[in-house]
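1. I need the structure of the sequence given here:
(chains A and B)
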Amino acid sequence: MLTFMRNKLVDVEITDRDAYVAYGFLDDHIYSLETTFQVNGADMTIQWLKGHWNRYTTPDCPLAEKPLQGAVGLCLTDEGFSESVHKIVGRKACRHFANLILECCDAIVKAREMLEKKEKGTQKSLKDPVLSDSCVHEKSACPEKETLPGRIKKNVRIPFEQLKDAPDGFTIDLHVHTSPASPCASSSVDEVISEAKRIGLNGICLTDHNYQWDPENIQKLRDKHQFLVLGGNEITTVQGDMVTFGLDEDIQGIIALKDLTEKIEAVDGFVIAAHPFRGFLVVSGDKLNLDIEKAAARPMFTLVNGVETLNSKVTVDENRFCGQVAKVLKLPVTGGSDAHVAVEVGLYATRFSKIIRNEEELISALKSGDGVPVNYRNIQQ
Amino acid sequence: MAHLIYFSRSRCTTVEESSEGIMTCACRITDNLLDARVQIQAALPDLEIMVVNSRIDHCLIDGMATAENKLQSLLGVRIGPGMLKIIKGLMGDEPACTELAYMAEECCQGAILSLTRKELEKAPRNPEDSRDHFSEMVKTNIRLYNRCVAFSEGSTILEGIEIPGSK
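-> Numbering: from 1, shown residues only, chains lettered A, B, ... in the order given. Sure, this is the predicted structure:
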């Protein structure tokens, strides 16, 4: 049964040699919107833009029309143009307008290339359209199942006990992002550390996206702030984001989880499935009815060493569900804020029974299961 | 002077859901340079991509055969938050790859919007009541906060809602 359809129509007119006008129309089962804008052919910047809704969902959607003007002045050929449109139009106005504007901009860039080729007389003709056989490949819904390796580490969950050297526990936010190391973060590392100190955390782990911190710089931060700062990483894999410790390798691009865990195993490090059920129970509000047994049987859990059961970027229900799945799996559990601005640091954290002084002690504590996820800021209030 | 169109594009994305919870999403594009279709299948509730098909009927973009093969790297990717980064990363940034990656993204967005539509059917038509409904949505799904102007500070939907870490 057809449950959704979206149609987008884009036309590009070249008004004179130096200007392109795009007419975009998006109509689907939920939204209907239009945009018209002009791009200067000389510098490829957006000169003016109009946009309006035909149909929308919330009573505040009409507010989106005004901030669309933020796109004026953006240059289509700039590196990061698409990200700018998502940030300026998508976040401050509406992502569906951003989608349509980017569709129009892509059409303008292609129109310009066609024009240039035509002028150079090198444009290919359409005399022999490239015909391909349908390229059909099928694979099971659980592609990892066929080659499941054994669990990398047999982690045994031990009960949390308060030991002598940290009678009140030693609390570290294991999942923190900083700017500019993480492009999506907006607070500097100094701001984040200052805030972590202010709220009484014992330490933080820098886990910027696919970013390898220089150990010397981390040491400088420790010295400067007289505060425990540990190095880690949040690496994007085909199976989702993974927080890692102990891996001294700058991994760029998307890696398969199996390849990542092999690297982690080789250095005796630790890999945590970050927010593994983000968006699983709720996709824009709709209940997916995922049950605990099925969730625990996901192949990714045979590869990771621990599970992040408290994360501030997921819903309360998703955190609760993740905790239930981790209980079935008997894997070590952690908490981390996933802070992208300083005020978020410490929303969630992990409490250890012993003082942690460096990455080695952290990994050792995590492997022994000596970590309890805590709702840190709430506890402090 | 006649206002003639120099470049034209039509892109259509559809989502069909079977009674067994299999979502079949297809994106078709027709423009001056490309006539193509990408289809993916994912099963509820995991929403992991388990089938990817493609068909190119005409193409003036180099490297399309390689891009079609690369589409198979998307098998196992889960439709949901973070998927765009993964799809882009797996497909790479060659022109033909970005075309097909975008079509796959549109399929995935279609799947999410199809589920969103079901939720929106529950929203009251009366603006006041619907405001309460959307306020509740943001409260229970923090990811919606700051997602767009309607779910940001200053909107009536967020009036009276306290978002952790927003102050």
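
2. all contacts plus neighbour counts: C-alpha atoms, from now on.
-> OK.

3. who are the neighbours in contact with residue 37?
-> As the question left the chain open, I've gone with chain A. A:21-23, A:46-50 (C-alpha atoms under 8 Å, 6 or more residues apart in numbering or on different chains).

4. Correction: the question concerned chain B.
-> Contacts of B:R37 (C-alpha under 8 Å, 6+ apart): B:26-29, B:54-56, B:103.

5. what does A:L228 give?
-> A:202-204, A:222, A:357.

6. picking that back up, I'd like the contacts of A:F37 as JSON lines, with neighbour count and pLDDT appended.
-> Output for those, formatted as JSON lines (neighbours: other C-alpha atoms under 10 Å in any protein chain shown; pLDDT from 0 to 100):
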{"residue": "A:V21", "neighbour count": "24", "pLDDT": "97"}
{"residue": "A:A22", "neighbour count": "26", "pLDDT": "98"}
{"residue": "A:Y23", "neighbour count": "21", "pLDDT": "98"}
{"residue": "A:I46", "neighbour count": "22", "pLDDT": "98"}
{"residue": "A:Q47", "neighbour count": "17", "pLDDT": "97"}
{"residue": "A:W48", "neighbour count": "15", "pLDDT": "97"}
{"residue": "A:L49", "neighbour count": "18", "pLDDT": "98"}
{"residue": "A:K50", "neighbour count": "15", "pLDDT": "97"}
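
7. just checking, which of these belong to strands?
-> A:21-23, A:46-50 (DSSP state E).

8. now, the most widely separated pair of the residues you listed?
-> Among the ones in strands among the contacts of A:F37, the pair separated by the greatest distance (C-alpha to C-alpha) is A:Y23 and A:Q47, at 14.2 Å.

9. just to revisit the earlier point, what remains of the contacts of A:L228 if I keep only buried residues?
-> A:202-204, A:222 (16 or more other C-alpha atoms under 10 Å in any protein chain shown).

10. which among the residues you listed gets closest to chain B?
-> A:I204 (17.0 Å; C-alpha to the nearest C-alpha).

11. doesn't that closest one fall inside a strand?
-> Yes: residue state for A:I204 (DSSP: H, G, I helix; E, B strand; the rest coil) corresponds to a strand.

12. Excluding chain neighbours, give the residue nearest to A:T237 in space.
-> Excluding the flanking residues, the one nearest A:T237 by C-alpha to C-alpha, 6 or more residues apart in numbering or on different chains is A:I255, at 4.8 Å.

13. Run through the residues that contact the one you found.
-> Counting by C-alpha under 8 Å, 6+ apart, A:I255 has contacts A:236-238.

14. quick one, domains of chain B?
-> Chain B breaks down by automatic domain parsing into domains covering B:9-119, B:124-158.

15. Please tabulate those domains in JSON lines, including the columns distance to A:P62 and mean pLDDT.
-> Shown next, in JSON lines, are the domains of chain B (distance: least, C-alpha to C-alpha, whole Å; pLDDT from 0 to 100):
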{"stretch": "domain B:9-119", "distance to A:P62": "19", "mean pLDDT": "95"}
{"stretch": "domain B:124-158", "distance to A:P62": "8", "mean pLDDT": "88"}
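
16. Endpoints of stretch B:118-134, how far apart?
-> From its first residue to its last, stretch B:118-134 covers 14 Å (C-alpha to C-alpha, to the nearest Å).

17. Only the buried residues of it, if you could.
-> Quick answer for stretch B:118-134 (16+ other C-alpha under 10 Å): B:118-120, B:123, B:130-134.

18. Next: stretch A:45-64.
-> For stretch A:45-64, by 16+ other C-alpha under 10 Å, it's A:45-47, A:49, A:51-53, A:57-64.

19. Keep only these that also lie close to chain B.
-> When C-alpha under 8 Å from any C-alpha of the partner chain is applied, the members of these adjacent to chain B are A:57-61, A:63-64.

20. quick one, longest strand in chain B?
-> strand B:5-17.

21. Give me the distance from that one to the chain's centre.
-> Chain-centre distance of strand B:5-17: 13 Å, with C-alpha atoms, centre = their mean, to the nearest Å.

22. List of residues touching that strand?
-> A:1-14, A:107-108, A:111, B:23-32, B:106-107, B:110-111, B:114.
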